[in-house]
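[1] Starting from these lines, generate the structure:
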Amino acid sequence: DPMASTIKYMAGAAALYAISTQAPFSNIGIFASTRRAADSTMLVLYKTAAGTGRAAWYSSTTIFLMVAPVLFIMDTSEAIDPKAAAGAAIPPPISAT
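    Okay, here's the model as predicted:
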């Protein structure tokens, strides 16, 4: 299961990050570089998520402001006029004589 392996990987990375902040390990090079890499990765992920959310907000707002009035105008232009509806009565049924 790819999701389970991803969760296990992330749990291991979180544990390694937590260990690397402890006093005896904080000065070891591999832990420090791993911690810096994790910090950089999280920063990139945060900025990407924030940018994606911002782009989604802008595009949805733009679509709403541009498309909603057009749909409203189309709906009102296709509305049935009550006078025209009264004049367009249903014709009587054809008798078989």
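[2] where in the protein is pLDDT low?
    For the chain, residues meeting the criterion pLDDT under 70 lie at 1, 16-17, 19-27, 77-92, 97.
[3] show me where it has helices.
    2-20, 29-77, 82-87 (DSSP state H).
[4] Dump those helices into JSON lines; add distance to residue 93 as well.
    Glycine gets a C-beta too; all of them are placed from N, C-alpha and C. Output for those, formatted as JSON lines (distance: least, C-beta to C-beta, whole Å):
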{"stretch": "helix 2-20", "distance to residue 93": "65"}
{"stretch": "helix 29-77", "distance to residue 93": "33"}
{"stretch": "helix 82-87", "distance to residue 93": "19"}
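[5] Need the ones you listed in a markdown table (columns: mean neighbour count).
    Listed next are those as a markdown table, based on neighbours: other C-beta atoms under 10 Å:
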| stretch | mean neighbour count |
| --- | --- |
| helix 2-20 | 11 |
| helix 29-77 | 10 |
| helix 82-87 | 8 |
